[in-house]
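using only what follows, build the 3D model:
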Amino acid sequence: MGDKQIKVLSGGERSRVLLGKLLARPTNILLLDEPTNHLDMESINSLSKEVLSYKGSLIVVTHNEFLLRTSKINRFIVFRNGGIEIYNGFYDEFLEDIGWDEEDVD
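Residues are numbered from 1 along each chain as shown. Presented below is the predicted three-dimensional model:
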C-alpha cells in the first residue's frame, strides 16, 4: 500500500490512511463519524487501541459494538423515541442498566 496513489486505494485502505493522518497530528478534540466503516477487524482493533491512548476529547458516532466495548468510551448520547438520553458509564453498563428496546435492534 505504501507505493500506491490515494486515488487507486480501496475504501478500506483510504479509511486507514485518513485515520492514520488524523491520529498522527496533535489535536485536543477528535470527531469520528462511523470510523469503522470499510475497516477490517485488525484495523478496528488498532483504532480501538489508539482511542484508548488519545489524550484529548473524543466524539464518536458508531454502531460498532466492538469499538464501544474496547475503547472504554464512558459517555453515551442515545437518540431514540424522538428524544435524547445521556448515559454516563461504559457500554456494557449501559446495556445492563438501560439496554436497547426491541424496536431499536434490527
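
what are the buried residues along the one helix or strand in the chain whose mean pLDDT sits lowest?
Here the helix or strand of the chain ranked lowest by mean pLDDT, DSSP states H and E is helix 11-24, holding a mean of 74. Neighbour-count burial for helix 11-24 flags 13, 15-16, 19, 23 (criterion: 16 or more other CB atoms under 10 Å). All C-beta atoms are positioned from the backbone trio N, CA, C, and that covers glycine.

and it, C-alpha only, in CSV?
C-alpha atoms of helix 11-24 as CSV (Å, rounded to 0.1, in the frame of the first residue of the first chain):
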residue,chain,number,x,y,z
GLY,A,11,-12.4,2.3,0.5
GLY,A,12,-10.8,0.5,3.5
GLU,A,13,-7.3,1.5,2.5
ARG,A,14,-8.4,5.1,2.1
SER,A,15,-10.0,5.0,5.6
ARG,A,16,-6.9,3.6,7.2
VAL,A,17,-4.7,6.3,5.6
LEU,A,18,-7.1,9.0,6.7
LEU,A,19,-7.3,7.7,10.2
GLY,A,20,-3.5,7.4,10.4
LYS,A,21,-3.2,11.0,9.3
LEU,A,22,-5.7,12.2,11.9
LEU,A,23,-4.2,10.2,14.8
ALA,A,24,-0.7,11.3,13.9
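
so where is the protein shaky, pLDDT-wise?
For the chain, the stretches with pLDDT under 70 are 1-2, 23, 102-106.

where along it do the helices fall?
11-24, 41-53, 65-70, 91-97 (DSSP state H).
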